[in-house]
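>>> Take a look and give me a structure for this.
(2 chains)
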Amino acid sequence: MGLAALKQDEFRQFFETLPAVLIQHPSKRCAYYIPEEDLLKFKASPTAFASLRPGTVTFSITGEEMVDEVPPFNQDPSDSPDILVRFLRDRTAYLVPHAELQKFRVEQPKFAFGNHYVSFVVPGGMELVEEIPLLRKGLLQSNTG
Amino acid sequence: MATVSADEWATARQAYRERAPYSFAVIDDFLPSGVFNDVRDMLVRDGGWVRKNWQVTQLFNKQPPIPFLSEIVESVRDGLADLSEGLDLVKHWAVACHENSGLHVHADNGRIAVNFWMTPDENNLAPEAGGLILYKLRREPEMMPHEFNAMPWAGEYFERLQPSILCTIPYRCNRAVVFDASIFHATDRMAFKSGSLDTVRLGVTMAFDDPGEYAARMRKYTTGGEE
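Residues are numbered from 1 along each chain as shown, chains lettered A, B, ... in the order given. All right, here's what the predicted structure looks like:
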């Protein structure tokens, strides 16, 4: 399935290199801003991947031809998720444990940080999943592929 | 890139045919050692792993850029000979069972599935298990992919019909199971060393199908089920 056409005034940016990330966490009334040089330090290793838990919230930085099909979801009842940032362009991923995330805590920003960052919102639970039409959800819930 | 000899492929084809309608065959030493090492290294180092959705407990890697993929596909097509006529690779994926938890029962979306295992045997703490369970149940042709491939639909269908086990195939490193993709199957119980993708159970599946039939099946998801 191809990407939908851009709506008028819609803005889309593709990143050639890993950008900084701004992660807004509405239920905690805060945000986390992780510059790219800091994010690089959390590059997911084979050991890190093996530690992924149900409460890990995954965000994907999509590329022109690489899009993520599954919306972010949060299965952590304590709402203290680890964050996995996937940079689809070069197939790297960055796992930021919740405790480490706190080092990047900022007040809800009222200004732009610059051009080379991407913004995500930590879902409170499964609300983004619940918005998916049933047929589409059926496909996303597949065991394989 | 042949490790599997012509005689071994012939034996596999014969087994596959004789077991119809629940066709399957087991092939050991599936990949040449150099190819195996490159594929395994790619999988372990790759950043494409993710919990695919909110239902599964494994890590998925969708269409990983496996080295020698086209050569592996060609060797399978050549080895299966007339069984693969009109079929091509339509999808491939890898699964890492990082919590020692396998996939729920399901059937695959394709005509023939080739599932091969990539973790060295010394990490398998239960050598009699860890492989694949095939059941005496095939999906019906009119079923949509989520009905045989996704929970809860596939599970409910399976529970309703309560099929018996066709065969339990133990895990072996570099073993491939070639099976009719319409057969319901599940991962066997397992106990692999945990803590790293280096040691957990890694498997790759390649789905072969008639590309036109596959596209038609998937088109239902973009047309709301209407053809």
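>>> check contacts around the closest residue to A:R89 other than its chain neighbours.
Excluding its sequence neighbours, the residue lying closest to A:R89 (Cβ to Cβ, 6 or more residues apart in numbering or on different chains) is A:G63, at 4.2 Å. Using the backbone N, CA and C atoms, a C-beta is placed for each residue, glycine as well. For A:G63, the contact set (Cβ atoms under 8 Å, 6 or more residues apart in numbering or on different chains) comprises A:F14, A:F15, A:L88, A:R89.
>>> From the structure, what's the count of residues near the closest residue to chain A within chain B?
Closest residue of chain B to chain A, Cβ to the nearest Cβ: B:H146 (3.0 Å). Number of residues near B:H146 (other Cβ atoms under 10 Å in any protein chain shown) recorded here: 24.
>>> Tell me which helix or strand it sits in.
According to DSSP states H and E, B:H146 maps onto helix B:145-149.
>>> now B:C167
Per DSSP H and E: strand B:165-169 holds B:C167.
>>> returning to that earlier point: before we move on, what SS does the residue nearest to A:R89 have?
coil (DSSP: H, G, I helix; E, B strand; the rest coil).
>>> Quick check: it vs B:L125, distance?
Separation of A:G63 from B:L125 (Cβ to Cβ, to the nearest Å) stands at 39 Å.
>>> A:D76 now?
Distance from A:D76 to B:L125, by Cβ to Cβ: 29 Å.
>>> Who has more neighbours out of the two?
Per other Cβ under 10 Å, whichever of A:D76 and B:L125 has more neighbours is A:D76, with 17 against 14.
>>> tell me the SS of the closest residue to that one other than its chain neighbours?
Leaving aside its sequence neighbours, A:D76 sits nearest to A:G55 (Cβ to Cβ, 6+ apart; 2.9 Å). Secondary structure for A:G55, judged by three-state DSSP, is coil.
>>> sorry, back to before: could you name the helices and strands sitting against the helix or strand just after the strand holding B:C167?
For strand B:165-169, the succeeding helix or strand toward the C-terminus, using DSSP H and E, is strand B:176-180. Here strand B:176-180 touches strand B:24-27, strand B:112-117, strand B:132-138, going by 3 or more Cβ pairs under 8 Å, 6 or more residues apart in numbering or on different chains; DSSP states H and E.
>>> B:H92 and B:G203 touch, don't they?
No. Judged on Cβ atoms under 8 Å, B:H92 makes no contact with B:G203 at a distance of 11.1 Å.
>>> So whichever strand or helix holds B:E71, near chain A or not?
Element membership for B:E71 (DSSP H and E) is helix B:69-80. No. If you take Cβ under 8 Å from any Cβ of the partner chain as the test, helix B:69-80 misses chain A, and the best it gets is 14.8 Å.
>>> buried ones in the helix or strand that that helix is followed by?
Using DSSP H and E, the helix or strand that follows helix B:69-80 in sequence is strand B:88-97. If you call a residue buried by 16 or more other Cβ atoms under 10 Å in any protein chain shown, then strand B:88-97 has these buried ones: B:L89, B:V90, B:K91, B:H92, B:W93, B:A94, B:V95, B:A96, B:C97.
>>> Check stretch B:38-52 too.
For stretch B:38-52, burial by neighbour count (16+ other Cβ under 10 Å) applies to B:V39, B:R40, B:M42, B:L43, B:V44, B:D46, B:G47, B:G48, B:W49, B:V50, B:R51, B:K52.
>>> Pick out the most distant pair among the residues you listed.
Farthest pair in the buried residues of stretch B:38-52 (Cβ to Cβ) is B:V39 and B:R51. Separation: 22.3 Å.
>>> Identify the residues contacting the helix or strand harbouring A:A99?
When elements are assigned from DSSP H and E, A:A99 belongs to helix A:98-101. Residues from elsewhere that reach helix A:98-101 (Cβ under 8 Å, 6+ apart): A:I23, A:Y32, A:F42, A:S80, A:P81, A:D82, A:I83.
>>> now the closest residue to B:V76 other than its chain neighbours, which residues is it bridged with?
Leaving out its chain neighbours, the residue that sits closest to B:V76 by Cβ to Cβ, 6+ apart is B:V114, at 5.7 Å. Legend: beta-bridge partners of B:V114 under DSSP bridges are B:V178, B:M206.
>>> Now stretch B:142-161: buried residues?
B:143-151, B:153-155, B:157-158.
>>> Keeping just the C-alphas, turn that stretch into PDB.
Extracted in PDB, the C-alpha atoms of stretch B:142-161 (Å, rounded to 0.1, in the frame of the first residue of the first chain):
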ATOM      1  CA  GLU B 142     -12.100 -18.900   2.000                       C
ATOM      2  CA  MET B 143     -10.700 -17.800   5.400                       C
ATOM      3  CA  MET B 144      -9.200 -14.300   5.600                       C
ATOM      4  CA  PRO B 145      -5.700 -14.000   6.900                       C
ATOM      5  CA  HIS B 146      -6.600 -12.800  10.300                       C
ATOM      6  CA  GLU B 147      -9.000 -15.700  10.800                       C
ATOM      7  CA  PHE B 148      -6.200 -18.200  10.500                       C
ATOM      8  CA  ASN B 149      -3.100 -16.100  11.400                       C
ATOM      9  CA  ALA B 150      -4.200 -13.700  14.200                       C
ATOM     10  CA  MET B 151      -5.400 -14.000  17.700                       C
ATOM     11  CA  PRO B 152      -8.100 -14.300  18.900                       C
ATOM     12  CA  TRP B 153      -9.700 -15.500  15.600                       C
ATOM     13  CA  ALA B 154      -7.200 -18.300  14.800                       C
ATOM     14  CA  GLY B 155      -7.300 -19.500  18.400                       C
ATOM     15  CA  GLU B 156     -11.000 -19.700  18.500                       C
ATOM     16  CA  TYR B 157     -11.200 -21.600  15.300                       C
ATOM     17  CA  PHE B 158      -8.600 -24.000  16.600                       C
ATOM     18  CA  GLU B 159     -10.300 -24.500  19.900                       C
ATOM     19  CA  ARG B 160     -13.600 -25.100  18.200                       C
ATOM     20  CA  LEU B 161     -12.200 -28.000  16.100                       C
END
